[in-house]
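S.K.: Have a look at this prediction, sequence included:
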Amino acid sequence: MDIFFDNPNDPPVPPEEVKIRRLTTKPYEDGRRVSVEFEVTPFSEKPNIEMAVFNPENKIVAAFSVLEAIENKMTFTLHLREEKPQGNYILKMKIYYTDLSALEDELTAIKDILLDNKKVVATAESNFRL
């Protein structure tokens, strides 16, 4: 699938120039979910995205991944896996690329390829309180 961006004044950039432009978090009134919005620079190659929410004890209470994103602006709702979420939380975001050329060797585990060849190009954090 091709990638199309509609602003000619904001051209796609190569992987090493991809940046996180905006990352915002907004807790829902129920205190169990959080809305996450982000925007990255338009990209010429599809990036991978990882996000994780850490509670006040630094334990991951929500996480998700996007492999080979085709949009540079996205919104998600994360559900916090805790009995009674409260306190200060932090959402951490990474954008990365993986060299999948090693997939040609059928004996190599996909998980090992993804972890060993991960090149993080941008990170961001957003704090919120419940």
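M.R.: Done, it's in.

S.K.: Helix or strand with the lowest mean pLDDT in this structure?
M.R.: When the helices and strands of the chain are scored by mean pLDDT, DSSP states H and E, helix 110-116 comes last with a mean of 64.

S.K.: Give the buried residues for whatever helix or strand comes next after that one.
M.R.: Using DSSP states H and E, the next helix or strand after helix 110-116 towards the C-terminus is strand 118-129. Along strand 118-129, the positions that meet the burial threshold by neighbour count (16 or more other CB atoms under 10 Å) are 121-122, 124, 126, 128. Every C-beta, even on glycine, is put in place using the N, C-alpha and C of the backbone.

S.K.: Can you list the strands that strand 118-129 pairs with?
M.R.: Each strand pairing with strand 118-129, determined using DSSP bridges, is listed with its direction: strand 88-98 (antiparallel).

S.K.: hmm, who's touching the strand it pairs with?
M.R.: The contact list for strand 88-98, computed with CB atoms under 8 Å, 6 or more residues apart in numbering, reads 15, 18, 20, 23, 25, 34, 36, 38, 40, 45, 47-56, 61, 78, 80, 113-114, 117-130.
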